[in-house]
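In: Sequence first, predicted model second:
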Amino acid sequence: MTEAGEAAVAPPHERSRAWLADAAERYALLAVWGATCVVFGILRPDTFLTTSNFTTIFGSQAILVVLTLALLAPLTAGDYDLSVAATMTLSAMTVAILNVDHGWSVWAAVAAALGVGLAVGVVNGALVVLLDIDSLIATLGTSTFIAGVVLWISNSQTVSGVSDSLVELVVVRRFLGIPLEFYYGLALGLVLFHVFEFMPIGRRLLFVGRGRSVARLSGIRVSRLRWGALVVSGAISAFAGVLYAGTLGSADPTSGLSFLLPAFAAAFLGATTIMPGRFNPIGSIAAVYFLVTGITGLQLLGVQTFVQQLFYGGALVLAVALSQFARRRDARNAS
Amino acid sequence: MAEGAARPRLEVRGLAKSFGGTQALRGVDLSLLPGEVHGLLGENGSGKSTLIKVLAGFHEPDAGELWIDGEPVRLPLSTGQFRELGMSFVHQQLGLVESLSVLENLRVAEIASSRSRFGISWRSERARARETFERYGLRLDPRAAVAGLRPVERALLAIVRALEENRSVGRGHGILVLDEPTVFLPREGIERLFTLVREAAAGGASILFVSHDLDEVREITDRVTVLRDGARVGTVVTAETSETQFVEMIVGRRLAAMAEFEHHDLSGKRVGVAVEALTGATVRDVSLDLHEGEVVGLTGLIGSGFDEVPYLLYGARRARSGRLRLGGETYDLTSLHPHEAVAAGVALIPADRPNDGCVGSLPVSENVVLAVLDRYFNGVALDRRRARRDTGRLMREFDVRPPDPSLPYGALSGGNQQKALLAKWFQTEPRLLLLDEPTQGVDVGARQQIFELLRAAAEERGMCVVCASSDYEQLAAICDRVLVFGRGRVWRRLAGGEVTKERIVEQSYAAMAAEVAGVVA
């Protein structure tokens, strides 16, 4: 078509302009993040621009990073997993109850918690693939069900006293001043990046999400991949739960549930950066830290805690609006 | 029929519409007189459905004027505006909601329009509906679910609904558009439909009757407009035109642009692929042997089932029964999955490119490489640079323009998309290539290239090719044999010198006629 033909013979300055626009889109979020830091740095130089503030920002949000990463596999495959936060809570509770109440070794409890996460993923996948229930509805159901199970097994009580050896490895020990859990999140992000971008399964997953019929007719086992994505999401959510138990040294039955919306906000916002239009791990990590920086800064300015909800809710809608805009523009350019 | 001086009820002038690189309508004129049944004839892709979709406000035309009762109307029409203009449509899919009752379907326009009252008295609506059906001599229960109706009853319901809309909005003088309403009807149903159409026309309505079926068009219409390649060939008075003249108008006597292609007799060669006792949703008990290097065409009219065969052989749709024999293995088509078909050396180029073929928003290289991803994986990482380089090479080899692998697939024109899709599947070196309408939405130049690619694949690589198509010229240009389907069965097998466009057209219509006469069934 004409547009394509023109693109091929476009003069060099137009090509470089297109390249610039592309780069601007990719790194816009990072630039906004930098600008946010500068603004808060000017407004609150004594409290915002301190090492301890940044180590807090990086360390405290590792759980949200891991939970956001859990969403990426199903989102890429075109499915929603609303049960990630509940699975995380269940996993943290499993660690605490088995370790504290039943006297299991903490590592056995962690293994059991990861197993529980896998099992949730298997059930979600069965509902979505075998019974052909819309993933949004299926995981909304399992999420509420799991939240109920957590209240049941914990008698609605916080279980504290999780073994120090877990706490030690999650938050106490530091590298470059930042708790180790930050590096766990980062490592998981890099692994997922490699899987999504440099392994056949990642490419296939992308096609499953973008064109399920295309994928099926290209010989991809669509059902198996969708199921697998939900199992991976269950397992990573459980890992987030282990970190949660390790961070607090305890597990409470409800606070984890509030992570669901921030995780979605970060996943969608992450899809507008680094690799615009695709859910991507690096963009998601950047998005988590951008959101947290904003919130922390506002809190240092004395704004009350409700700003969190305003910020996350607004960011989710804005991110989706931006990606819709980009998609429509791409569709226009494509036709 | 009103002749001569009568002012046309509807007039279309110079209507043009293009999709991507293809010109679907090139300056089409059409006029409908009051009380006239006007036929619209043409092959698939001749522009009939595009024309109707413009009238329904579904497509935005590039150019053209619309006049209703001598008044100009601004194009494009907004959604639902056709009702205000006194038009009603019966589309091929009938537009009925299966899960709702006959009555709800009958009154859907009233319910949808803003004029609807606040409360609906279902009791009196039922009584009115019964009266309506009686007037048309139909026995339909207003409370019955549409899902439980026979095809004839559904078609008649859709037509009665359109006629009723016509009566209430157009005061009986409106415009009724019937788009292929007879495809799924048996002869007796067609008779009743025609009675209704004649009555409506006698009452002053103008009727546009769109059909493939020459006999029906000759029976019911007063005048006929023939379209070919998006242009109007002519408008003629039905009674003054012979069947041969019609066929010539539809098919055209184009100069032999295509290099004369020799239809090989390959029956001496080894059988590469055998299909046994294939039964699907429409096709029944189809068996077929393909010799190595043979291109076999499947064709027929809409509803004859030929177009489901490629999907059944690929496992994309479940067959009720049937086996596929390929390279010493036998596959059960009732349980075959596409990934098993791919592994067995089968490739499918589907007709619905945007939904089934490739993902338009992803780069060409990712789309093309998808079929052979494992070749670029060394156990640790994909060699994406090599994949892009290979795609670029393939794009040049298949003359995909521009040969830039990083371009979104959707930015290519229809013809180039199709060539890229062929490149994607030729990498897998399939033994059996299945095609459904391979040159739909493809411009003339690319069409010729695709033909050459397919012929070369068959002759040089010994690939077996099955091509389902309603483009008769294309079948004549690439196929060694052509099977013509009628109501799910193979009606004729044409081979050698018989594989000509004229002969395929003739047999397709004959299959339909025989079907109606009950010979095939």
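Out: Sure thing, it's come through.

In: Going by residue numbers, what spans are helices in the stretch 1-150 of chain A?
Out: Using DSSP state H, counting those that start in this stretch, the helices of the stretch 1-150 of chain A run over A:2-9, A:12-43, A:51-60, A:62-76, A:84-96, A:106-125, A:135-154.

In: Tell me the buried residues in the second one?
Out: Using 16 or more other C-beta atoms under 10 Å in any protein chain shown as the test for burial, helix A:12-43 gives A:25, A:29, A:33, A:36-37, A:40. Glycine gets a C-beta too; all of them are placed from N, C-alpha and C.

In: Contact residues of the stretch 251-400 of chain B facing chain A?
Out: B:314, B:316, B:337-339, B:341-343, B:348, B:350, B:355-362, B:366, B:369-371, B:373-374, B:376-377, B:380-382, B:384 (C-beta under 8 Å from any C-beta of the partner chain).

In: will you turn the helices of the stretch 1-150 of chain A into JSON lines that also has mean pLDDT and distance to chain B?
Out: Shown next, in JSON lines, are the helices of the stretch 1-150 of chain A (pLDDT from 0 to 100; distance: least, C-beta to the nearest C-beta, whole Å):
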{"stretch": "helix A:2-9", "mean pLDDT": "37", "distance to chain B": "3"}
{"stretch": "helix A:12-43", "mean pLDDT": "76", "distance to chain B": "11"}
{"stretch": "helix A:51-60", "mean pLDDT": "81", "distance to chain B": "28"}
{"stretch": "helix A:62-76", "mean pLDDT": "95", "distance to chain B": "12"}
{"stretch": "helix A:84-96", "mean pLDDT": "95", "distance to chain B": "26"}
{"stretch": "helix A:106-125", "mean pLDDT": "95", "distance to chain B": "18"}
{"stretch": "helix A:135-154", "mean pLDDT": "94", "distance to chain B": "20"}
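
In: and these, which is most packed in?
Out: Across those, averaging neighbours per residue (mean count of other C-beta atoms under 10 Å in any protein chain shown) puts helix A:84-96 on top, at a mean of 30.

In: what about the closest residue to chain A within the stretch 101-250 of chain B, how many neighbours?
Out: When scored by C-beta to the nearest C-beta, the stretch 101-250 of chain B has B:G230 as its residue closest to chain A, at 18.0 Å. B:G230 has 23 neighbours, counted by other C-beta atoms under 10 Å in any protein chain shown.

In: same deal with B:L313?
Out: For B:L313, using other C-beta under 10 Å, the count is 27.

In: how near is it to B:E276?
Out: Going from B:L313 to B:E276 by C-beta to C-beta, to the nearest Å gives 11 Å.

In: Could you do B:W67 as well?
Out: From B:W67 across to B:E276, the span is 57 Å (C-beta to C-beta).

In: what residues are shared contacts of B:L313 and B:E276?
Out: Counting by C-beta atoms under 8 Å, 6 or more residues apart in numbering or on different chains, the shared contacts of B:L313 and B:E276 are B:L324.

In: Contacts only, for A:M275.
Out: A:26, A:282-283.

In: In the stretch 401-521 of chain B, where is pLDDT below threshold?
Out: Filtered on pLDDT under 70, the stretch 401-521 of chain B yields the residue ranges B:443-445, B:513-521.

In: show me where it has strands.
Out: For the stretch 401-521 of chain B, the strands defined by DSSP state E, counting those that start in this stretch occupy B:432-436, B:464-468, B:481-486, B:489-495.

In: Now the stretch 251-400 of chain B against chain A: closest residue?
Out: B:V342 (3.2 Å).

In: Would you state the helices of the stretch 301-450 of chain B in chain order?
Out: Using DSSP H, counting those that start in this stretch, the helices of the stretch 301-450 of chain B run over residues B:309-314, B:338-343, B:364-369, B:384-397, B:414-426, B:444-461.

In: A:V242: what secondary structure?
Out: Of the three states, A:V242 takes helix according to DSSP: H, G, I helix; E, B strand; the rest coil.

In: residue contacts, the closest residue to it other than its chain neighbours?
Out: For A:V242, ignoring the flanking residues on the chain, the nearest one in space by C-beta to C-beta, 6 or more residues apart in numbering or on different chains is A:V110 at 5.3 Å. By C-beta under 8 Å, 6+ apart, the contact set of A:V110 is A:95, A:166, A:242.

In: give me that answer again for 10 Å
Out: For A:V110, the contact set (C-beta atoms under 10 Å, 6 or more residues apart in numbering or on different chains) comprises A:91, A:94-95, A:98-99, A:104, A:163, A:166, A:238-239, A:241-242, A:245-246.

In: Can you name the residue of the stretch 151-300 of chain A nearest to chain B?
Out: Closest point on the stretch 151-300 of chain A to chain B, by C-beta to the nearest C-beta, is A:G219, at 3.2 Å.

In: Now that residue. Nearest residue, chain neighbours left out?
Out: B:V342 (3.2 Å).

In: Quick check: the one you found vs A:R216, distance?
Out: Counting by C-beta to C-beta, the gap from B:V342 to A:R216 is 11 Å.

In: So for the two, which residues contact both of them?
Out: B:G315.

In: Dump the strands of the stretch 401-521 of chain B into CSV; add mean neighbour count and distance to B:L266 as well.
Out: Shown next, in CSV, are these (neighbours: other C-beta atoms under 10 Å in any protein chain shown; distance: least, C-beta to C-beta, whole Å):
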stretch, mean neighbour count, distance to B:L266
strand B:432-436, 25, 15
strand B:464-468, 25, 10
strand B:481-486, 27, 9
strand B:489-495, 19, 10
